[in-house]
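Student: no sequence on this one, just coordinates:
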């Protein structure tokens, strides 16, 4: 079903990528060969998060495309954030062996913290500082056959509607895939990758479809996702202000008040599971998936445990889930469902139906339910993006209706209506952090306060117009309301609670338009514009307003270089503020002096100008392979008068107004 992607052209391109992986084409589809462009399109709202991640997976994790019957590929990449003193370098390799065996690896040297040292009684955890360290990201051997497939090493795996178990990140997982997503973002200037399982998996697929998997990992953990008794030995019942820092720099003895470190290899996790299903002859599939996991901290501390804002259960070391999933197809209707229970008996369910009443029209309704105690950390089912107690799919009832219609050869239309309800009926509004009835706030809540029930809504409309074989236009409109029971501008779209009340529940509206032309030979031009209207606490009677625009140019001078150029301008929070607030002052004003009569919007937001340049050149070509070089540069300038760029911050001098990043990559296939 092509409608599963945000744009039909992207899906067609994805299918072409799969063809390239199997040697049926000589080069990547031009529309999606640039990972950085996928990131930019995601920022512009042109593609959704799941599609972006899925395409990046295909473009990056397997390295350069394999043409013909080439046996391997290598790619070496380096990324520098100028001025930060940090750089990341990683080498990725993929090799095809006889009998459909594939070997892959990724090794990296990148900025990261060292191994933490356990805390003694009344003492903090000691963490070596951040510096360039060796990081073995992944390695695997796999064989994929029509009947029996297996993998040993790094892998990701998922089943059904993703309610019981999924680590692939795919919207429609189908068993295991090798390795991890490894990417270097020229925007942030950092390398990142997703978690994999380190172990083995085997799959038998015929009418019966059975998979078993086991893994053992030493997991990283963010400093905010665990806690322990940090009172000094001399004051075992101390107040919060007397507690020791949770983590302390081993070399300097300082706390990490200006950083939020992730502790590498800090938690043991052993995991095992299986999935078995049967394909009936009438296009029906039924399967059962289950897993169990055991987690224990390698880094020790007095009564150390996960916090409630962590996605992992805080009250037990062993957890798991089991679920029934199925798929069906009959005429113009097909769909899938999954019902899951955790080891504590908490339930979740999802059903999705795709109806194709016309050849170019698809309608997809779906319904989801997550109980308040559904604390399965490996559930990736469809859910509201707000996290409650660290888990996206928890305490939610919702329904979604999607429509994709190719009205003519010139116009394609897509829309989505999503409504969901959070009950929060297991939270004690009077409880304090640490009490049995206390619930961690959804992502963005930093103040204590009661959590209220809410019904939220999101409406998306998008259309693609093809004026000719050269010119296209895309229009996207999104409306998001965080609480339908509240109305008016005296609210905040982002969660906001203070001593005067709960101001959460505002709305956010944005629209974007993009025009593109390929009329100039070997050149593609695209101009995009985006506006955002958002409720914020500081504005009591109007929306805050932000906007951005970008010009993209792509030139294919083959056999010379391929060039990508992007010019961007962004202006956040342009609305003037009639009500004065002491924490919103422009940098040219004295913070101790009188406030002006009004505050311009740029004192809250940020203005930036950006230039992105990328060049790719094939250096050598021979009968069985090639050698490519790629250079990328990004510059961001912040010219406005914000306090951040003119005054000393709590963590040091003001940041630079100029941000530079460089990336170099050389790849070969043979």
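Tutor: Right, received. Where do you want to start? Here the structure is a predicted model, which is why all the values come from computation and not from measurement.
Student: For the protein, which element, helix or strand, carries the lowest mean pLDDT?
Tutor: helix 8-21 (a mean of 38; mean pLDDT, DSSP states H and E).
Student: quick one, what contacts the nearest residue to residue 479 once chain neighbours are set aside?
Tutor: Closest residue to residue 479 apart from its sequence neighbours, by Cβ to Cβ, 6 or more residues apart in numbering: residue 459 at 4.6 Å. Using the backbone N, CA and C atoms, a C-beta is placed for each residue, glycine as well. With contact set as Cβ atoms under 8 Å, 6 or more residues apart in numbering, residue 459 has these partners: 415, 416, 417, 418, 478, 479, 480.
Student: Which among the residues you listed count as buried?
Tutor: Buried by 16 or more other Cβ atoms under 10 Å: 416, 417, 418, 478, 479, 480, out of the contacts of residue 459.
Student: and of these, the nearest to residue 391?
Tutor: Distance to residue 391, by Cβ to Cβ, is smallest for residue 418 among the buried ones among the contacts of residue 459, at 18.4 Å.
Student: I'd like the distance between that closest one and residue 198.
Tutor: 36 Å (Cβ to Cβ, to the nearest Å).
Student: can you check residue 510 too?
Tutor: Residue 510 is 41 Å from residue 198, by Cβ to Cβ.
Student: Ok, residue 314 next?
Tutor: Counting by Cβ to Cβ, the gap from residue 314 to residue 198 is 24 Å.
Student: Now do the helices in this structure.
Tutor: All helices of the chain, identified by DSSP state H, fall at 8-21, 35-43, 49-56.
Student: which residues touch residue 659?
Tutor: Counting by Cβ under 8 Å, 6+ apart, residue 659 makes contact with 81, 82, 83, 189, 634, 635, 636, 637, 638.
Student: out of those, which are buried?
Tutor: Buried members of the contacts of residue 659, counted by 16+ other Cβ under 10 Å: 81, 82, 189, 634, 636, 638.
Student: what pairs with the fifth one across the strands?
Tutor: Think residue 636. Beta bridges link residue 636 to residue 610, residue 659 when assigned by DSSP bridges.
Student: low pLDDT regions in the protein?
Tutor: Within the chain, the segments meeting pLDDT under 70 span 1-69, 181, 387-388, 425-451, 576-604, 641-650, 652.
Student: top strand in it by residue count?
Tutor: Using DSSP state E to define each element, the chain has its longest strand at strand 262-280.
Student: list the helices and strands it packs on?
Tutor: Contacts defined by 3 or more Cβ pairs under 8 Å, 6 or more residues apart in numbering; DSSP states H and E place strand 262-280 against strand 208-222, strand 284-297.
Student: Output those in CSV; the columns should cover distance to residue 323.
Tutor: Output for these, formatted as CSV (distance: least, Cβ to Cβ, whole Å):
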stretch, distance to residue 323
strand 208-222, 14
strand 284-297, 5
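Student: Would you mind giving those as TSV with mean neighbour count and distance to residue 241 added?
Tutor: Output for the helices and strands packed on strand 262-280, formatted as TSV (neighbours: other Cβ atoms under 10 Å; distance: least, Cβ to Cβ, whole Å):
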stretch	mean neighbour count	distance to residue 241
strand 208-222	17	23
strand 284-297	18	26
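Student: Minimum distance to residue 607: which of the ones you listed has it?
Tutor: strand 208-222 (30.8 Å).
Student: between that closest one and strand 284-297, how many degrees?
Tutor: Relative orientation of strand 208-222 versus strand 284-297 (axes from the mean of the first three to the mean of the last three Cα atoms, to 10 degrees): 30 degrees.
Student: contacting residues around strand 208-222?
Tutor: So strand 208-222 is contacted by 155, 157, 159, 175-176, 195, 197-204, 260-279, 285, 287, 295, 298, 310 (Cβ under 8 Å, 6+ apart).
Student: just the buried members of the residues you listed?
Tutor: Burial by neighbour count, judged by 16+ other Cβ under 10 Å, picks out 155, 157, 159, 175-176, 197-203, 261-264, 266-267, 269, 271-275, 277, 279, 285, 287, 295, 310 from the contacts of strand 208-222.
Student: Residue 201 reaches residue 154, doesn't it?
Tutor: No - contact criterion Cβ atoms under 8 Å: residue 201 and residue 154 do not qualify, at 10.8 Å.
Student: And the residue nearest to residue 105 when sequence neighbours are not counted, how far from residue 89?
Tutor: Counting by Cβ to Cβ, 6+ apart, the nearest residue to residue 105 once its immediate chain neighbours are dropped is residue 139, at 4.3 Å. In this structure, residue 139 and residue 89 are 17 Å apart, going by Cβ to Cβ.
Student: related to what we said a few turns ago, distance to residue 367 added to the buried ones among the contacts of residue 459, as TSV?
Tutor: As requested, these are exported to TSV (distance: Cβ to Cβ, whole Å):
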residue	distance to residue 367
416	14
417	13
418	11
478	22
479	21
480	20
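Student: Specify which member of the residues you listed is nearest to residue 102.
Tutor: When those are compared against residue 102 (criterion: Cβ to Cβ), the nearest one is residue 416, at 36.8 Å.
Student: Just grab the bridge partners of the closest one for me.
Tutor: Beta-bridge partners recorded for residue 416 (DSSP bridges): residue 402, residue 460.
Student: Quick one: residues contacting it.
Tutor: By Cβ under 8 Å, 6+ apart, residue 416 lies in contact with 400, 401, 402, 403, 458, 459, 460.
Student: Could you measure from the fifth one over to residue 478?
Tutor: Looking back up the chat, that one is residue 458. 7 Å.
Student: Residue 367 against residue 399, yeah?
Tutor: Yes - using Cβ under 8 Å, residue 367 is in contact with residue 399, at 4.9 Å.
Student: Show me where the stretch 501-650 of the chain has its strands.
Tutor: Along the stretch 501-650 of the chain, counting by DSSP state E, counting those that start in this stretch, strands occupy 501-502, 507-517, 523-534, 544-556, 562-571, 607-622, 625-637.
Student: Likewise for the stretch 51-200 of the chain?
Tutor: Applying DSSP E, counting those that start in this stretch to the stretch 51-200 of the chain gives strands spanning 72-82, 86-97, 101-112, 125-127, 131-143, 148-158, 175-178, 182-185, 190-193, 197-205.
Student: Of those strands, which is nearest residue 382?
Tutor: strand 148-158 (13.5 Å).
Student: Tell me which residues are up against that closest one.
Tutor: With contacts defined as Cβ under 8 Å, 6+ apart, strand 148-158 is touched by 137-143, 165-170, 173-180, 194, 196-205, 211, 213, 380.
Student: how near is residue 319 to residue 157?
Tutor: For residue 319, the distance to residue 157 (Cβ to Cβ) stands at 17 Å.
Student: Same check on residue 421?
Tutor: In terms of Cβ to Cβ, residue 421 sits 31 Å off from residue 157.
Student: and what of residue 570?
Tutor: Counting by Cβ to Cβ, the separation of residue 570 from residue 157 is 39 Å.
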